[in-house]
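>>> Next come a sequence and a model predicted from it.
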Amino acid sequence: MPRFRLLVPIALLLISGNLSVVAAQATAIPELVVESPHDFPAHEARIRDLDPRRLEQAMHVLGLRRPGPPIRLTLAGEDSAVAQNTPGWIAGFAYPGLGVAVLFPERSPSYPDSNFEDLVLHEVSHILTARAAGGGKVPRWLDEGLALFIGRPWKLEDRSRLTWAMLREKEMPLAELEDRFSSDRASAIRAYAISGAFVHDLMRKRGVDSAAAILSGIALGIPFPEAFHRAIGVSLEQAESYFWEYHSIWYRWVPILSSSMVLWVAISLLAVVAFKRRRALDAARVQQWEEQDRRLEEEAGLPTPGELPPGPIN
């Protein structure tokens, strides 16, 4: 979608409507200026009530000490020009250089966001990432991966989507994800899943400060590949190779585990285990009955079978 088609509608939204400000706390967190020309009081309240600790965490992950100018969050209705020029599956987008994000409250957030608060953090993180990089070029996959990391925890849904994406795409270089984010919905979802998984793995293995180190290098004017190498200790190509090697187990085994042969073998094994368990339970129950009969006979004073006199011979 050409960005120039959105600049005029955004400008019109920014100079109209009522403004409300999410005041910054004692700690340095971004100041969110909410603009709602179409009157969305419930969503304005949800932004005002956003947990400041989540914004503090975003600042820490990105290595920002000062949040910079206020961030404008424009809540656009479906009858606005900007909504009509934006695909229906997109619930929000940001212009990091302008410090502006446009959100569509009437659209239910879809993957990778779970709810409206996640969507707000996702778009705010794009603006903060650009500021942490000093306006330098940040690869789209890293930008989106950081937005996922900041926006919400990694979930089972993410792992499922990653597995499906790897079954479809195999080992796709991260650089090739660039155009997928602006393509159709299915391609964008797979791109989000792969970039999110890569960044989460990076944070888990190299620590949450690793992204801040990369962005600070970009801010110093260091080319991204070199900034990545300095911060992580390996080249981007090596990191990608490790990532695909680790996660390839999923898409190598999923087709095998989901095959009909494996399914029938699993059912047969379960049947054998169930049969043996049933036999053991039956044997234990019979033994319990025999012991109960023996106790009853002893209590009644009846002779046991070994104590009975020989019977008559006919």
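Received the coordinates, thanks. Numbers count the residues shown, from 1 in each chain.

>>> Wait, residue 67 touches residue 52, no?
No: the pair residue 67 / residue 52 is not scored as a contact, 11.4 Å apart, by Cβ atoms under 8 Å. Heads up, the C-betas are built off the backbone N, CA and C, glycines and all.

>>> Could you check which of these two has the larger neighbour count?
residue 67 (22 against 15; other Cβ atoms under 10 Å).

>>> In contact with that one, which residues?
24, 28-31, 59, 128, 131 (Cβ atoms under 8 Å, 6 or more residues apart in numbering).

>>> same thing but 7 Å
Residue 67 makes contact with 28-30, 59, according to Cβ atoms under 7 Å, 6 or more residues apart in numbering.

>>> Also residue 217?
Residues near residue 217 by Cβ under 7 Å, 6+ apart: 227, 230-231.

>>> And it, which helix or strand is it part of?
Applying DSSP states H and E as the criterion places residue 217 in helix 210-219.

>>> repeat for residue 120
If you go by DSSP H and E, residue 120 is part of helix 116-132.

>>> need the next SSE after that helix, C-terminal direction.
The helix or strand immediately downstream of helix 116-132 is helix 140-151, counting by DSSP H and E.

>>> name the helices or strands packed onto that following helix?
helix 52-62, helix 116-132, helix 185-206 (3 or more Cβ pairs under 7 Å, 6 or more residues apart in numbering; DSSP states H and E).

>>> Just want the angle from it to helix 185-206.
Inter-element angle recorded for helix 140-151 and helix 185-206: 70 degrees (by axes from the mean of the first three to the mean of the last three Cα atoms, to 10 degrees).

>>> Can you pull out the residues in contact with helix 140-151?
Contacts for helix 140-151 (Cβ under 7 Å, 6+ apart): 58, 61, 112-113, 118, 121-122, 125-126, 129, 174, 177-178, 181, 192, 195-196, 198-200, 203, 211.
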